[in-house]
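Asker: just the structure for this:
(one chain, ligands or ions: 1)
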Amino acid sequence: MSKKIVIANWKMNPSKVAEAKKIYNGIKKGVTKIRGVDTVVCPPFVFLPELAKLGVTKKLALGVQDTFYEETGAQTGQVSPAMVKGYKAKYTILGHSERRALGESSDLVNKKVRHAIVEGCTAVMCVGETERSDEGDYFRVIREELEVGLAGVKRADLSKLIIAYEPVWAIGKRAEEALDAPALYEMVLFIQKVLTELYGRAPAQKVPILYGGSVKPSNAKEFVEVGKVDGLLVGGASLKANEFLDIIKEIV
Ligand code: PGA
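Answerer: Here you go, the predicted model:
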């Protein structure tokens, strides 16, 4: 996969729409000069309509940080893929560890993934272990999150799927505390192995695998070159347009 994908996960930030517009405009302007990377910004839902008005481009798409598994209905507080599509959002981050920590199960993630794909939204399904032991138990955790999360997702759906590997213990830290790139490569191979078991080699290889967890301009390149991921999911460092653009420039 030569074209890389970099996704900004703004989480519950920034606090004001004016600031959101400023960051978005900065990113939008900056990515026009960068080749070979698709960029996606996933703001909080409430900012989506305003950012949609600023426009998407061939290089910059919009996404959201969650969506529910029904189109409409008695679901207090939920938002559907059909609703966000009206505001140009084409990606939805699903199963982020911060949502799993609030009780979201892999079964629920699976329903959301399947529904998002049916609605034509690209599902960015997050997987990641909370801790690492010497026994390698984390591989079992990742296998389970993949197998349950992808149950019922067919080969034909894979063009609407991205896997984001985010070891939970490496999120929101300094660059030095992120996963090291050789260990990332080992995990990328493992994820590819599980996907191959589920879908066969050729279809599995087409599914982009991203890394997330304390990605900064100083470590971004290694994740892609040594870790061999197809892109990055960036939290904290995506809230400053310049820092985020520096990450993108590092991997082209
Ligand atoms: P971080 O967050 O880049 O701030 O570690 C990544 C994420 O949680 O998606």
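
Asker: ok, now which ones touch residue 44?
Answerer: Contacts for residue 44 (C-beta atoms under 8 Å, 6 or more residues apart in numbering) come out as 10, 11, 12, 13, 20, 65. To be clear about C-beta, it is placed using only N, CA and C from the backbone, and glycine gets the same treatment.

Asker: how close does it get to residue 133?
Answerer: Note on residue 44: its distance to residue 133, by C-beta to C-beta, to the nearest Å, is 35 Å.

Asker: then residue 102?
Answerer: Using C-beta to C-beta, we find residue 102 at a distance of 24 Å from residue 133.

Asker: do the same with residue 81
Answerer: Relative to residue 133, residue 81 is positioned 37 Å away (C-beta to C-beta).

Asker: neighbour count winner among these two?
Answerer: Between residue 81 and residue 133, residue 81 has the larger neighbour count (other C-beta atoms under 10 Å), namely 26 against 8.

Asker: now do the contacts for residue 149.
Answerer: 95, 106, 109, 110, 113, 125, 127 are the contacts of residue 149 under C-beta under 8 Å, 6+ apart.

Asker: pLDDT at residue 1, what is it?
Answerer: Per-residue pLDDT puts residue 1 at 69.

Asker: thinking again about what came up before, most widely separated two among the contacts of residue 44?
Answerer: Within the contacts of residue 44, 20 and 65 form the most distant pair, 13.2 Å apart (C-beta to C-beta).

Asker: overlap of the contact sets of these two?
Answerer: Listed as contacting both residue 20 and residue 65 by C-beta under 8 Å, 6+ apart are 10, 44.

Asker: who in the stretch 101-250 of the chain is up against the ligand?
Answerer: 166, 171, 172, 212, 213, 214, 215, 233, 234, 235, 236, 237 (C-beta under 6 Å from any ligand atom).

Asker: restricted to helices, list those.
Answerer: Among these, DSSP state H puts none in helices.

Asker: can you select the buried ones among those residues for me in ChimeraX?
Answerer: In ChimeraX syntax, the buried subset of these is picked out as below (16 or more other C-beta atoms under 10 Å):
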select :166,171,212,213,214,215,233,234,235,236,237
